[in-house]
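1. Build me a model:
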Amino acid sequence: MAEFGNPDVIEEEVDILIIGGGMAACGTAYEIGPWIEAAGGGITVKLVDKAAMDRSGAVAQGLSAINTYIGPDQDPADYARMVSNDLMGITRDDLAYDLGRHVDESVHLFEEWGLPIWKTDENGERYDGSKGMTSLKDGGKPVRSGKWQIMINGESYKWIVAEAAKKALGMDNIQERIFIVKLVNDKNDPNRIAGAVGFSVREHKLYVYKFKACLLVAGGCVNIFRPRSVGEGQGRAWYPVWNAGSTYTMAAEAGAELTLMENRFVPTRFKDGYGPVGAWFLLFKSKATNAYGEVYMDRNKEMLDDYPPYGQAAVPASCLRNHLMLKEMKEGRGPIWMDTVTALANLRETLSPREVKHLEAEAWEDFLDMCIGQCGIWAGENIEPEKKNSELMPTEPYLLGSHSGCCGIWVSGPDDVGAPTDEAMDGVPEHLP
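-> Residues are numbered from 1 along each chain as shown. Below you'll find the model as predicted:
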């Protein structure tokens, strides 16, 4: 190590430090300005990202859908109940509800900044976001793949959001390629954080930041468990490999209260490429089968009765769906297949030729938008989804606070949302928690 010598130590002092450059950090960079103005100004803010904001974070590759858009016809309280059901009741309902009542405003901003969102016309036909139809904010109807999800052309999703963040905060207040690795407690108050230390991943420099407050949003954690990928695919994972768990590590070392770290998210994905399955299940209405062509969710349906009320919901909890799949694999009825052939054949019977062509293209765009490696597998193995099914399997576990994961740092919720009243509880259907 002697050959590296002593790095240049650079000290900076700001009022607020944003650690991370993903969607949460970009959102904060955009939203914080009006709050500073309301406080009279004079507050300095800096965002520090270990990568480049344009392609940083879990959305770096893009997405083909936004998984939460409430819309004018649904209730955020129902969304909070769905989240609770999917995690079998182990959730912070105040946080889920608070997200539900604010998320639409963010989606409207994304569209305003240039994110193409699929729409339906007055006849219910689907169109790409590039067709220039009425915006969601002005009453446009999104194409819903599920009850809460809407389809987008989202390869450049992160790029669009990062551009807005850069314009709002100013590039003078953004530092890229700086990896924050340690939080520093206040010497006079160990319950407060007074600074952070990181290093440049491009230059021989070490940075020390002093601040009054910070936002730690550096993503979840991958590669605690060995990925299933081997050979030429070695190192491939579903969750971004650069999410090293520094969020949780630095918080724990500083004394923050972590919660539900035992909760590990194991998504079902296309085998080898880790390609997403949401559009196939929700938009294409595809079903997963065992090696004998049986729909295992139907075959093992009675197993859901062991987990009321979560197994009896319209959409059983994600972990329970995996539970039913694993039973098939353990008892020798694997592999598990995504029945793309039947799904696309059924769609041809109900959609116009134009819509069919659009959806067949979307079968590929779904991967091109967010998981290009899966396209490589389909192309390399000459797989045409309308002619050949593809194998599914559970991934290795991940630690994260999105999707069907709920581990993270304990935080304060909204001031105006408390425990539900008895009257509110009486209005909840029996099959929901």
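
2. Can you show me the strands along the stretch 301-433 of the chain?
-> With strands called from DSSP state E, counting those that start in this stretch, the stretch 301-433 of the chain shows them at 336-338, 390-394, 408-409.

3. wait, which of the ones you listed is closest to Asn6?
-> Asn6 lies closest to strand 408-409 among these, at 33.5 Å (CB to CB). Glycine gets a C-beta too; all of them are placed from N, C-alpha and C.

4. residues touching the nearest residue to Leu260 once chain neighbours are set aside, list them.
-> Of all residues not flanking Leu260 in the chain, Cys407 sits nearest, at 4.6 Å (CB to CB, 6 or more residues apart in numbering). Cys407 sits next to Gly220, Tyr248, Leu258, Thr259, Leu260, Met261, Glu262, Asn263, Arg264, Leu399, Leu400, Gly401 when contact means CB atoms under 8 Å, 6 or more residues apart in numbering.

5. In helices, which of the residues you listed appear?
-> Tyr248 (DSSP state H).

6. Out of the contacts of Cys407, flag the one nearest to Phe179.
-> Using CB to CB, those come closest to Phe179 at Tyr248, 15.4 Å.

7. was I right about that closest one contacting Cys221?
-> Yes - Tyr248 lies in contact with Cys221 (CB atoms under 8 Å); the separation is 6.2 Å.

8. Need the residues touching each of these two.
-> By CB under 8 Å, 6+ apart, the residues touching both Tyr248 and Cys221 are Leu399.

9. winner for burial among the strands of the stretch 301-433 of the chain?
-> strand 336-338 (a mean of 21; mean count of other CB atoms under 10 Å).

10. Report the mean per-residue pLDDT for that strand.
-> For strand 336-338, mean pLDDT is 98.

11. Mind putting the strands of the stretch 301-433 of the chain into CSV with distance to Ile10?
-> Supplementary listing: these in CSV, determined by distance: least, CB to CB, whole Å:
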stretch, distance to Ile10
strand 336-338, 51
strand 390-394, 45
strand 408-409, 27
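
12. Is the closest residue to Gly245 other than its chain neighbours bridged to anything, and to what?
-> Counting by CB to CB, 6+ apart, Gly245 lies nearest to Cys221, which is 3.1 Å off, once chain neighbours are set aside. Judged by DSSP bridges, the bridge partners of Cys221 are Ala244, Leu399.

13. repeat for Glu12
-> With DSSP bridges as the rule, Glu12 is bridged to Tyr209.

14. what about it, how many residues close to it?
-> 15 (other CB atoms under 10 Å).

15. Surely it and Tyr207 touch.
-> Yes - the pair Glu12 and Tyr207 qualifies as a contact (CB under 8 Å) at a distance of 6.9 Å.

16. To Leu183, which of the strands of the stretch 301-433 of the chain lies closest?
-> Nearest to Leu183, of all the strands of the stretch 301-433 of the chain, is strand 408-409, at 11.6 Å by CB to CB.

17. Phi, psi for the residue nearest to Leu260 please.
-> phi -90, psi 160 (degrees, to the nearest 10).

18. can you start the count at 34 instead of 1 from here on
-> Okay, using 34 as the starting number, the last item reads as Cys440.

19. Let me know the pLDDT of it.
-> For Cys440, pLDDT reads 91.

20. What of Leu465?
-> At Leu465, pLDDT is 54.

21. Same check on Ser435?
-> So Ser435 comes in at 86 (pLDDT).

22. Correct me if wrong: it contacts Val92.
-> No - at 10.3 Å, Ser435 does not count as touching Val92 under the criterion of CB under 8 Å.

23. These two: which is more packed in?
-> Relative neighbour count places Val92 above the other of Ser435 and Val92, with 19 against 16, counting by other CB under 10 Å.

24. Helix, strand, or coil at that one?
-> Reducing the assignment at Val92 to three states with DSSP: H, G, I helix; E, B strand; the rest coil gives coil.

25. Ramachandran angles for Lys174?
-> Dihedral angles for Lys174 - degrees, to the nearest 10 - are phi -100, psi 120.

26. Run a quick neighbour tally on it.
-> Neighbours of Lys174 (other CB under 10 Å): 17.

27. This protein: helices as residue ranges?
-> 56-71, 109-119, 126-146, 190-202, 279-287, 311, 329-332, 351-363, 373-383, 386-403, 405-413, 455-459.

28. per the record, what domains does the protein have?
-> If you go by automatic domain parsing, the domain ranges for the chain are 40-95+189-251, 102-187, 295-442.

29. per-residue confidence averaged over the second one?
-> Domain 102-187 comes out with an average pLDDT of 94.
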